[in-house]
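Trainee: Provided below are the primary sequence and the corresponding predicted coordinates.
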Amino acid sequence: MAEVDQWIANRTRNFDSSGIRRMFDLAANLEDPVNLSIGQPDFDVPQPVKDAYIQAIQDGKNGYALTQGIPALREKLQAEVDATLGHDDREVFVCSGTSGGLMLSVLSLINPGDEVIYFDPFFVMYPAIIELTGGKSVKVSIYPDFKLDMNQLEDAITDKTKMIILNTPSNPTGVCFSQEEVKGVAEMAAKHGICLVSDEIYSKFVYDEPYVSAAKHNPQAIVIDGFSKTYAMTGLRVGYVHGPREIIQTMLKVQQFTFVCSPHPAQWAGAVALDTDVTPYVDQYRVKRDRLCAGLADKYEIVKPGGAFYAFPKLPEGITGQAFVEKAIAHNLMVIPGSIFSNQDSHFRISYAVSDDKLEQGIEILNQIA
Ligand code: PMP
């Protein structure tokens, strides 16, 4: 028998998912845990969206879709993008979730050895997809206040820098960068001729200020967004990308020979989802955010998050993330150690996309174990 390990490509070896797996293994025996670890909304897919999905399946819309997405969805998205950004050279296509869009962007733009800058703490997928394409991650720390420092960003830029990835509101911090910060990054990318990828998956979950895309300040920015979070459609796999036509055409070519298309019936659900007002959900999450921050204020240091449904408090003094998570699990609570999202082990992530009852229980346990 061959050693199958030798078959595994080197590009898969420099990242792993063992940290998160370890936590779920530990929590596997909990019966009714207070689970503040989940990265998806706790509300169900809105009924009209479910109906459209089922109807599409019943109507036989189950074959391949056009690579760029069904016109009923793509044209709606294009109209929305044109109305908000008004760029001449900005095209939209539909992809397999935001993850698909992110993967296509690095596959289409990153050559081996190219450097990609993003801010630490970061979304877990970034280091992995950059490794898969032979790029090099350059992480700019934004601890302890999660504010962006343009001097630090500029210092990280070299002649190998190809891309900056910006994610606001951010996973795992929930922080919404200010208009000034977003503009700063957008203009910095333009000044140095670097491609800006803006991951805007949480753009509808903002609580204090209206959302302004980085593309507003950089007409060449590539924006990646999706339906997973906004309409609780994480399993349906619909996302979209917009950016300069030539880049989009390249990403479409890569999509054609990899993902092929976003699931066809799910795209019909997406077209209906765009007509759904999510304000009531956002209003509920704002209340949960406020309750969580107030509930933890005495015992935890916490930067008040302006969006998404995460908070990223500092660990209590003298405990590692792993030990803290184990202690939480012993008290029936699931949270995620910050080291999964960072080079640093000093914080932990809470998702407050849970019922009010669970949130209260979570706050109580966190205060107990601090
Ligand atoms: N970007 C960020 C910042 C995320 O948090 C997530 C989901 N956790 C994604 C992208 C991917 O989402 P999806 O592929 O479901 O659209």
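Mentor: Alright, I've got the coordinates.

Trainee: ok, which stretches of the stretch 151-300 of the chain are strands?
Mentor: All strands of the stretch 151-300 of the chain, identified by DSSP state E, counting those that start in this stretch, fall at 161-167, 195-199, 222-226, 239-244.

Trainee: Kindly report the domain assignment for the protein.
Mentor: What automatic domain parsing lists as the domains of the chain is 16-44+278-369, 47-273.

Trainee: could you dump those to a markdown table with mean pLDDT, distance to N10 and mean neighbour count?
Mentor: All C-beta atoms are positioned from the backbone trio N, CA, C, and that covers glycine. A markdown table is the format used below for these (pLDDT from 0 to 100; distance: least, Cβ to Cβ, whole Å; neighbours: other Cβ atoms under 10 Å):
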| stretch | mean pLDDT | distance to N10 | mean neighbour count |
| --- | --- | --- | --- |
| domain 16-44+278-369 | 95 | 14 | 18 |
| domain 47-273 | 98 | 10 | 19 |
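
Trainee: mind listing the helices for this protein?
Mentor: 18-27, 47-58, 71-85, 97-109, 125-132, 150-156, 179-191, 245-256, 264-273, 279-296, 321-330, 356-369 (DSSP state H).

Trainee: follow-up on the earlier one: out of the strands of the stretch 151-300 of the chain, which gets nearest to the ligand?
Mentor: strand 222-226 (3.6 Å; Cβ to the nearest ligand atom).

Trainee: how about the CA coordinates for the closest one, as PDB?
Mentor: Only the C-alpha atoms of strand 222-226 are listed here, as PDB (Å, rounded to 0.1, in the frame of the first residue of the first chain):
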ATOM      1  CA  ILE A 222     -13.500  44.300  -6.400                       C
ATOM      2  CA  VAL A 223     -16.500  43.900  -4.100                       C
ATOM      3  CA  ILE A 224     -17.500  40.500  -2.800                       C
ATOM      4  CA  ASP A 225     -20.900  40.100  -1.200                       C
ATOM      5  CA  GLY A 226     -23.500  37.400  -0.700                       C
END
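
Trainee: which residues touch G134?
Mentor: When contacts are counted by Cβ atoms under 8 Å, 6 or more residues apart in numbering, G134 touches R11, I110, N111, P112, G113, D114.

Trainee: how about the second one, what does it touch?
Mentor: Same thing as I110. V116, I130, T133, G134, G135, K162, M163.

Trainee: Does the last one touch S198 like I think?
Mentor: No - at 11.0 Å, M163 does not count as touching S198 under the criterion of Cβ atoms under 8 Å.

Trainee: Pull the most distant pair out of the contacts of I110.
Mentor: G134 and M163 (13.1 Å; Cβ to Cβ).

Trainee: Residues that sit against both of those two, list them.
Mentor: With Cβ under 8 Å, 6+ apart as the test, G134 and M163 both reach I110, D114.

Trainee: rewinding a little: okay if I get the strands of the stretch 151-300 of the chain as CSV plus distance to R349?
Mentor: Shown next, in CSV, are these (distance: least, Cβ to Cβ, whole Å):
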stretch, distance to R349
strand 161-167, 14
strand 195-199, 17
strand 222-226, 20
strand 239-244, 22
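
Trainee: Up against the ligand, what does the stretch 51-200 of the chain have?
Mentor: Within the stretch 51-200 of the chain, the positions near the ligand by Cβ under 6 Å from any ligand atom are G97, T98, S99, F123, N167, N171, D199.

Trainee: Can you lay out these as JSON lines showing distance to L236?
Mentor: Formatted as JSON lines, those follow (distance: Cβ to Cβ, whole Å):
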{"residue": "G97", "distance to L236": "8"}
{"residue": "T98", "distance to L236": "12"}
{"residue": "S99", "distance to L236": "13"}
{"residue": "F123", "distance to L236": "20"}
{"residue": "N167", "distance to L236": "21"}
{"residue": "N171", "distance to L236": "19"}
{"residue": "D199", "distance to L236": "19"}
